[in-house]
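Novice: Here is my input, please return the structure:
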Amino acid sequence: MATIHPTAIVAPGAQLAADVEIGPYTIIGEHVEIGAGTTVGAHAVITGHTRIGARNRIFHLVSLGEAPQDKKYAGEPTRLEIGDDNLIREFCTFNTGTVQDRGVTTIGSHNWIMAYVHIAHDCVVGDRAIFANNASLAGHVEVGDWAILGGFTGVHQFCKIGAHVMTGVSTVVFKDIPPFVMASGHPAEPHGLNSEGLKRRGFSAESLSALKRAYKVLYREGNTVAEAQAKLEPEAAVHPEVRQLLDFLARAERGIIR
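Specialist: Residues are numbered from 1 along each chain as shown. Just a heads-up that it's a prediction; the model follows:
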């Protein structure tokens, strides 16, 4: 049976795994599901149609599954889904989706999410990302696996941030950031390949060389995006990392940072 502090309020319909721990003064809504091994700190509010996976560590004073901050929202039963093994620190706010989009906000597994992070409606966050303090995603944002958002990074609605991206502190993102790129500034500008991060994740010297060539074609040779895509097709046939970059460019709807 779940361990629930006597001051906590858990709605009768909530589904908690047998070893879940709920801290003092926390409120759990009736449509909430929490998986095995997850702990929730004090004064947290988890509401809405929210499903949380296994072994998450959720700290004090978070708000998960609250209604989206969207004027079109009219009380529809939209959702928030969180995977496994995430760390979610104090004062984080994650909202449910809207029917105008996917209807669900999705956060993957093994993410490290620091204090005061906001993830708005209909966002999709992959796996093993790191969000430093006060990073904020507006609605409909996508963040790829292994991305690192520096403190106070702000991302405009509908932007896409590729896998293995790293942003500097106080970066403001108005356009898409291709995978493997480091970015900073207001507005965000590219500052080379995230080479150190890729080395730490086991990318081979061959893969790094291919990505460096691709970065040069995209950012250093004066090519348009379309010209860069055409020039990189032969590399993409050989190197899956370059194919991943081209696939991202094909999906970029707001344009990319330049």
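Novice: Gly168 and Ser184 touch, don't they?
Specialist: Yes - with contact defined as C-beta atoms under 8 Å, Gly168 reaches Ser184; the gap is 3.0 Å. Quick note: C-beta positions are derived from backbone N, CA and C, even for glycine.
Novice: Let me see the domain layout of this protein.
Specialist: 3-140, 198-251 (automatic domain parsing).
Novice: mind putting the ones you listed in a markdown table, mean neighbour count, distance to Cys159 and mean pLDDT included?
Specialist: Listed next are the domains of the chain as a markdown table, based on neighbours: other C-beta atoms under 10 Å; distance: least, C-beta to C-beta, whole Å; pLDDT from 0 to 100:
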| stretch | mean neighbour count | distance to Cys159 | mean pLDDT |
| --- | --- | --- | --- |
| domain 3-140 | 19 | 8 | 98 |
| domain 198-251 | 15 | 12 | 97 |
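Novice: Of all these, which one is nearest Pro190?
Specialist: domain 198-251 (5.6 Å; C-beta to C-beta).
Novice: tell me how far the ends of that closest one are from each other?
Specialist: For domain 198-251, the first-to-last residue distance is 23 Å (C-alpha to C-alpha, to the nearest Å).
Novice: Surely Ile27 is in contact with Ile4?
Specialist: No - counting by C-beta under 8 Å, Ile27 does not reach Ile4; the two are 11.4 Å apart.
Novice: residues shared between the contacts of those two?
Specialist: Counting by C-beta atoms under 8 Å, 6 or more residues apart in numbering, the common neighbours of Ile27 and Ile4 are Val10.
Novice: Please tabulate the domains of the chain in JSON lines, including the columns distance to His164.
Specialist: Putting the domains of the chain into JSON lines (distance: least, C-beta to C-beta, whole Å) gives the following:
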{"stretch": "domain 3-140", "distance to His164": "10"}
{"stretch": "domain 198-251", "distance to His164": "6"}
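Novice: Just tell me which of those ends up closest to Gly162.
Specialist: domain 198-251 (5.0 Å).
Novice: ok, now which ones touch the nearest residue to Gly150 once chain neighbours are set aside?
Specialist: Nearest non-adjacent residue to Gly150, counting by C-beta to C-beta, 6 or more residues apart in numbering: Val169, 4.4 Å away. Contact partners of Val169, counting by C-beta under 8 Å, 6+ apart, are Ala132, Gly150, Gly151, Phe152, Thr153, Ser184.
Novice: if you set the cut-off to 10 Å instead, what comes out?
Specialist: For Val169, the contact set (C-beta atoms under 10 Å, 6 or more residues apart in numbering) comprises Ala132, Asn133, Asn134, Ala135, Leu149, Gly150, Gly151, Phe152, Thr153, Ser184.
Novice: Overlap in contacts, Gly168 and Ser184.
Specialist: Shared contacts of Gly168 and Ser184 (C-beta under 10 Å, 6+ apart): Gly150, Thr153, His191.
Novice: who wins for most neighbours among those?
Specialist: Thr153 (25 neighbours; other C-beta atoms under 10 Å).
Novice: That one against Ala129, yeah?
Specialist: No - taking contacts as C-beta atoms under 10 Å, Thr153 lies outside contact range of Ala129: 11.6 Å.
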